[in-house]
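Chemist: Predicted model follows, preceded by the sequence.
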Amino acid sequence: EDQVTQSPEALRLQEGESSSLNCSYTVSGLRGLFWYRQDPGKGPEFLFTLYSAGEEKEKERLKATLTKKESFLHITAPKPEDSATYLCAVQFYNNDMRFGAGTRLTVKP
Amino acid sequence: GAVVSQHPSRVICKSGTSVKIECRSLDFQATTMFWYRQFPKQSLMLMATSNEGSKATYEQGVEKDKFLINHASLTLSTLTVTSAHPEDSSFYICSAQRDSYEQYFGPGTRLTVT
């Protein structure tokens, strides 16, 4: 059965305290893996797409990496404005996407 | 680029009435659009996939006669919740897919059925 699991469920960091969020998957027919940021009451905001193992992408304080079984979203020196729920999703070749449950990140000043 | 809008952002309707939600890709053409539903503190659940000019494909357990989807053009898809009931109250989010397969999401529509 295809599964997407994110951990931890919630993460509280002090401003400047770097950490990583994990997204592990067991799927067949994976086209790509997506990371999104979602603020309360809003739609997900696209961050990254990763298509092959070993691929890395960066944007400001965020860096996403991909292996054959999992992806990491590294947050370097986070700021309070990075507080949000981070969602990962896998996309199948039929365009369907399956989302993980998300990691709720809180960064305290 | 890659902006997706939804209208309305919030809607309150009475039980038994129908509600239409619009999803538009503002700066690109989307051959495929998706409709999701999200309950509080839960992740997105795909309801249906729609391709321009063809019938939508619904996920298992989603009633196609209750959630009518129309994808009339490459920039517009609509979701109509027919004969709405309080259990249909939820956050509905659409997404539009570019040729690069990336999905961009709208801001969501909060539906409350009284």
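Modeler: Done, it's in. The structure displayed is predicted, hence computed values, not measured ones.

Chemist: Could you tell me how far the residue of chain B found nearest chain A is located from A:Pro40?
Modeler: Residue nearest to chain A within chain B (C-beta to the nearest C-beta): B:Phe105, separated by 3.9 Å. (C-beta placed from N, C-alpha, C; glycine too.) Taking C-beta to C-beta, to the nearest Å as the measure, B:Phe105 falls 14 Å from A:Pro40.

Chemist: Over to B:Met47?
Modeler: Taken as C-beta to C-beta, the span from B:Met47 to A:Pro40 is 21 Å.

Chemist: the more surrounded of those two?
Modeler: B:Met47 (23 against 10; other C-beta atoms under 10 Å in any protein chain shown).

Chemist: Would you confirm that the more buried one contacts B:Val62?
Modeler: Yes: counting by C-beta atoms under 8 Å, a contact exists between B:Met47 and B:Val62, whose distance comes to 4.9 Å.

Chemist: who touches both of those two?
Modeler: Between them, B:Met47 and B:Val62 share no contacting residue under C-beta atoms under 8 Å, 6 or more residues apart in numbering or on different chains.

Chemist: Near B:Glu63, how many other residues are there?
Modeler: 10.

Chemist: And the pLDDT for it?
Modeler: The score at B:Glu63 is 94. That number is its pLDDT.

Chemist: Just list the residues touching B:Trp35, thanks.
Modeler: Contacts for B:Trp35 were tallied using C-beta under 8 Å, 6+ apart; they are B:23, B:46-48, B:50, B:67, B:69, B:77, B:79, B:92-94.

Chemist: With distance to chain A as extra columns, can I get these in JSON lines?
Modeler: Formatted as JSON lines, the contacts of B:Trp35 follow (distance: C-beta to the nearest C-beta, whole Å):
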{"residue": "B:Cys23", "distance to chain A": "10"}
{"residue": "B:Leu46", "distance to chain A": "6"}
{"residue": "B:Met47", "distance to chain A": "12"}
{"residue": "B:Ala48", "distance to chain A": "11"}
{"residue": "B:Ser50", "distance to chain A": "11"}
{"residue": "B:Phe67", "distance to chain A": "17"}
{"residue": "B:Ile69", "distance to chain A": "15"}
{"residue": "B:Ser77", "distance to chain A": "14"}
{"residue": "B:Leu79", "distance to chain A": "14"}
{"residue": "B:Tyr92", "distance to chain A": "10"}
{"residue": "B:Ile93", "distance to chain A": "5"}
{"residue": "B:Cys94", "distance to chain A": "8"}
